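**Student:** Please work out how this folds:
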Amino acid sequence: MNVLAQLWTGLPAPMRDPVVFAVPFFLILLSLEWFAARKLEHSESGQPPAGAYRTADAWASISMGLVSMATTAVWKFVALLGYAAIYTYLAPWHLSPAHWYTWVIAIVGVDLLYYCYHRVAHRIRLIWATHQAHHSSRYFNFATALRQKWNNSGEILMWIPLPLLGIPPWMVFASFSVSLVYQFWVHTERIDRLPRPVEFVFNTPSHHRVHHGMDPEYLDKNYGGILIIWDRLFGTFAPERFRPHYGLTKQVDTFNIAALQFHEYLAIIADVRRAENWRDRLGYVFGPPGWRPAATNRRAVPTAELS
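**Tutor:** The predicted structure follows:
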């Protein structure tokens, strides 16, 4: 284990990201799924058939993923400066990457904090604005997994407890990359339910299909990254009872990747400008997606009404 740690820490920083090594496998699996998908883009009901691809939608997802790799590198560099200071000057102890339990703490810790961030991202509109692009596809396939956000500031802040607990900053980044690699394969309709013990503990395609569903029964459910046990513990779990309808509750009809990433920020700005007082302005920014002032006699709705 000491040799492994030395080899890892000796690599240039960009090469320490497991996502970089996983990209070829992402592309191979995506190509296989795309090749296997039915050529029809829509069924007679208007819902894409299971596992379908739409070329423009898939290219939008892939393009957002490529940009996300660059922006994430920038955010990680910024975070590294802060994490290094916290780890060096504030952490009461330093955990060694040579010990197996340090990796367990890092990966489980990242997964728990990812659940917390993910749940907050669906309940606070300003943070939802960074995340909603990932939910904007009406298709659910490996390309959708690449439809990632460009603003990782929320996750960067959420990881702060880990270097404070003495986990080396590079291990925090590596653990989150492991989480991202894991979450790639759960974005598919080609895999049905897995054996019960697996479904009980881990996030699976069945669980994650629910999370991407825009159906009322599925909204704001199954936030887990690697483990689904957090949802079971904290009351946000829902089983897959029928095939979901995917996308936002108010669809965004564009494949322009900048519009998909930033349209919610523009909607927030427009709402804040129309607001008549500071309470309403704060509600539009920090309330749940769909929040409206009581005077409008409209209820706040889960997740994506404003998107």
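**Student:** rest of the way, CA atoms for contacts and neighbours
**Tutor:** Fine.
**Student:** What is the subsequent helix or strand relative to the helix or strand hosting Ala60?
**Tutor:** Using DSSP states H and E, the element containing Ala60 is helix 55-85. Scanning forward in sequence from helix 55-85 by DSSP H and E, the next helix or strand is helix 100-121.
**Student:** Could you check that next one and say which residues are buried?
**Tutor:** 102-103, 105-121 (16 or more other Cα atoms under 10 Å).
**Student:** buried set for the helix holding Ala60?
**Tutor:** Going by 16+ other Cα under 10 Å, helix 55-85 has these buried residues: 57-65, 68-69, 71-72, 75-76, 79-80, 82-84.
**Student:** Mind giving me the packing neighbours of it?
**Tutor:** Using 3 or more Cα pairs under 8 Å, 6 or more residues apart in numbering; DSSP states H and E, the elements in contact with helix 55-85 are helix 142-145, helix 153-158, helix 169-184, helix 257-274.
**Student:** Need these in TSV (columns: distance to Arg232).
**Tutor:** Listed next are those as TSV, based on distance: least, Cα to Cα, whole Å:
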stretch	distance to Arg232
helix 142-145	23
helix 153-158	21
helix 169-184	18
helix 257-274	30
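**Student:** Deepest in the core, which of those helices is it.
**Tutor:** Across these, averaging neighbours per residue (mean count of other Cα atoms under 10 Å) puts helix 142-145 on top, at a mean of 26.
**Student:** tell me how far stretch 55-62 is from the chain's mean position?
**Tutor:** 18 Å (Cα atoms, centre = their mean, to the nearest Å).
**Student:** Which one of the helices and strands packed on helix 55-85 lies nearest to Gly247?
**Tutor:** helix 142-145 (10.6 Å; Cα to Cα).
**Student:** So which elements touch that closest one?
**Tutor:** The contact analysis (3+ Cα pairs under 8 Å, 6+ apart) places helix 142-145 against helix 18-36, helix 55-85, helix 169-184.
**Student:** Could I get the CA-only coordinates of it as PDB?
**Tutor:** Only the C-alpha atoms of helix 142-145 are listed here, as PDB (Å, rounded to 0.1, in the frame of the first residue of the first chain):
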ATOM      1  CA  PHE A 142     -24.800   6.800 -21.000                       C
ATOM      2  CA  ALA A 143     -24.600  10.100 -22.800                       C
ATOM      3  CA  THR A 144     -26.900  11.600 -20.200                       C
ATOM      4  CA  ALA A 145     -24.300  10.700 -17.600                       C
END
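**Student:** ok now that helix, how far from the chain's centre?
**Tutor:** 12 Å.
**Student:** Please apply the same query to stretch 149-166.
**Tutor:** Relative to its chain's centre, stretch 149-166 lies at 14 Å (Cα atoms, centre = their mean).
**Student:** what about that stretch, average pLDDT?
**Tutor:** If you average the pLDDT over stretch 149-166, you get 94.
**Student:** Span of that stretch from start to end?
**Tutor:** 28 Å (Cα to Cα, to the nearest Å).
**Student:** How about residues contacting it?
**Tutor:** 64-65, 67-68, 71-72, 75-76, 79, 83-84, 86-87, 90-95, 106, 109-110, 113-114, 117, 127, 130-131, 133-134, 169, 172, 261 (Cα atoms under 8 Å, 6 or more residues apart in numbering).
**Student:** The same query, at a cut-off of 6 Å, please.
**Tutor:** Residues outside stretch 149-166 that contact it (Cα atoms under 6 Å, 6 or more residues apart in numbering) are Ser68, Thr71, Tyr83, Ile86, Tyr87, Ala91, Trp93, His94, Leu95, Thr130, His131, Pro169.
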